[in-house]
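Colleague: Okay, sequence plus prediction incoming.
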Amino acid sequence: MFDLHEALRYVVENEGSDLHVKVPARPTARFRGHLEPLPQYADSLTPADTERVLRQMLADHGEKAAAFDTDNEIDFSYTVPDLARFRVNAFRQRGSVSIVARVIPFTVKTVDELGLPSVIEAIADEERGLILLTGTTGSGKSTTLAAIINHINRMKARHIVTIEDPIEYLHRDINSIINQREVGMDTASFSRAMRRVLRQDPDVILIGEMRDEETVRTALSAAETGHLVLSTVHTLDAAESVNRIIDFFQPHEQTQARAMLAGTLKAVVSQRLVRTADHAGRVAVCEILRMTGRARDMVLDSDQTDRLREVIAEGEYYGMQTFDQALLHHVKAGRVAMEDAIQAASSPHDFKLLVAGDGRTATSMNDLARGGQGEPDREPPAPAHVPPVREPSPVTASAAGPLTASAPSNGRVSAPPPGLLG
């Protein structure tokens, strides 16, 4: 007979990420990105098996069980003491119950432990504005968000409010106080929680997912009024994320929405997980956009938004990097095999050129003067710390009038490379 806890323990102990339970199939789990049947179960599951497992998981959640009976699908969290927590989605397919349980460890890892770029900590230190984590399902967005919250919790005294469906990582108060609200249990919806959150004296607001116009509008307003807002979007890169946020609004509101987003967006971190060279795990590959004057102008202009990758490619001074630049870094460090990097690259052809040029995407005047002979001049080393990004000028807009920008009001920063700030 299928034993739920035994199966979950096997997945956790073998560093799996998801357990799949469906009819008629053997219990299956995802290990290092690949689905594999659990070896201890030779028989396929029956409808009675999966129904019994679901009722076992919902034994202490009568309202969730009733919601499943009505809607035929439900999201909830499940805990196995001394093992892990699990984010669970149950649904019906072809009349029987299917379940997917995602492993959520009790321990929240730091940015360094996850092998993420150090600029993530600089992004977490932002005082206000909007930070977006993007990527496909299973790309590690929730884990990175938890690491950011953990960094703020350890380094600052802040009031952090999270709104999640369901709650994934559990945070304990260190230097901050953290209130975690679960949709369906602590609040009816993301939009209702967002309407109330500004009365709860928050410094940092985490929204599990941008799902509707009201949530997006309230998040942008909170970022405009001095709060740090973190959220996720199911998109592949920065340009697509900007367009997705704007698409939540009606066409006649999109000019104003672009102005709000340009004035509040601080960073977009897009993630993919790529198999390590030893095939023993996966490494997070991050594309990172930080908001500069030039990036802000591209967010404002819908015809220029797709060129954000140019800003990212040229923004190493600010800790920015494209997916392909990040992949090259992992390949050179021996963490990712070349064949896996090519398969994961945004543009395999351009990635091969990047590798051939040792990260250089253009020929310099010095290269021409040398006539292509000898070792090409190296770029100057990156600064030892990630410099702060200059606050973009506040932007205002109305549906009937042109965009205007006020003069910057704060101090000076180190001079960036020519042309980066636009």
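Modeller: That came in fine, so what should we check first? Note that the coordinates shown come from a computational prediction; the quantities given were computed from them, not determined experimentally.
Colleague: CA only for contacts and neighbour counts going forward, please
Modeller: Noted.
Colleague: what's the residue closest to the geometric middle of this structure?
Modeller: Leu133 (2.7 Å; C-alpha atoms, centre = their mean).
Colleague: Within the helices and strands, which one has it?
Modeller: strand 129-134 (DSSP states H and E).
Colleague: who does the following helix or strand past that strand touch, helix- and strand-wise?
Modeller: For strand 129-134, the following helix or strand on the C-terminal side (DSSP H and E) is helix 141-155. With contacts taken as 3 or more C-alpha pairs under 8 Å, 6 or more residues apart in numbering; DSSP states H and E, helix 141-155 sits against helix 119-124, strand 129-134.
Colleague: tell me which helix or strand of this structure sits lowest on mean pLDDT?
Modeller: strand 404-405 (a mean of 41; mean pLDDT, DSSP states H and E).
Colleague: Any regions of the stretch 301-422 of the chain where pLDDT drops low?
Modeller: 360-422 (pLDDT under 70).
Colleague: returning to that earlier point: now do the same contact list for the residue nearest to the centre of the chain.
Modeller: 141, 144-145, 230-233, 268-271 (C-alpha atoms under 8 Å, 6 or more residues apart in numbering).
Colleague: repeat for Val269
Modeller: 131-134, 238, 286-289.
Colleague: what about it, distance to Asp324?
Modeller: With distances taken as C-alpha to C-alpha, to the nearest Å, Val269 is found 14 Å from Asp324.
Colleague: ok, now Val119?
Modeller: Counting by C-alpha to C-alpha, the gap from Val119 to Asp324 is 17 Å.
Colleague: Looking at those two, which one has more neighbours?
Modeller: Asp324 (26 against 18; other C-alpha atoms under 10 Å).
Colleague: pretty sure the more buried one is in contact with Ser346, am I right?
Modeller: Yes: using C-alpha atoms under 8 Å, Asp324 is in contact with Ser346, at 6.5 Å.
Colleague: Buried ones in stretch 92-104, by neighbour count?
Modeller: 92, 96-104 (16 or more other C-alpha atoms under 10 Å).
Colleague: same check, this time on stretch 67-81
Modeller: 68, 72-78.
Colleague: quick one: which two of those are the most distant?
Modeller: Asn72 and Tyr78 (18.2 Å; C-alpha to C-alpha).
Colleague: Give me the nearest residue to Ser347, chain neighbours excluded.
Modeller: Excluding its sequence neighbours, the residue lying closest to Ser347 (C-alpha to C-alpha, 6 or more residues apart in numbering) is Asp324, at 7.7 Å.
Colleague: Sticking with the one you found, tell me its helix or strand.
Modeller: Going by DSSP H and E, Asp324 is in helix 323-332.
Colleague: I'd like the next helix or strand past that helix.
Modeller: helix 338-344.
Colleague: after that next one comes which helix or strand?
Modeller: Of the helices and strands lying after helix 338-344 in sequence (DSSP H and E), the nearest is helix 348-356.
Colleague: So which elements touch that following helix?
Modeller: Right, helix 348-356 is packed against helix 323-332, helix 338-344 by 3+ C-alpha pairs under 8 Å, 6+ apart.
Colleague: For the stretch 1-150 of the chain, just list every one of the helices.
Modeller: Under the criterion DSSP state H, counting those that start in this stretch, helices of the stretch 1-150 of the chain are mapped to 4-13, 47-57, 62-71, 119-124, 141-155.
Colleague: ok, and which of those has the densest surroundings?
Modeller: Of all those, helix 141-155 has the most neighbours on average by mean count of other C-alpha atoms under 10 Å, namely a mean of 21.
Colleague: which residues touch that helix?
Modeller: 108-111, 120-121, 124-125, 133-135, 158, 168-169, 171, 173-177, 230, 232, 271.
Colleague: what angle separates that helix from strand 129-134?
Modeller: 140 degrees (axes from the mean of the first three to the mean of the last three C-alpha atoms, to 10 degrees).
Colleague: Good, we can wrap up now.
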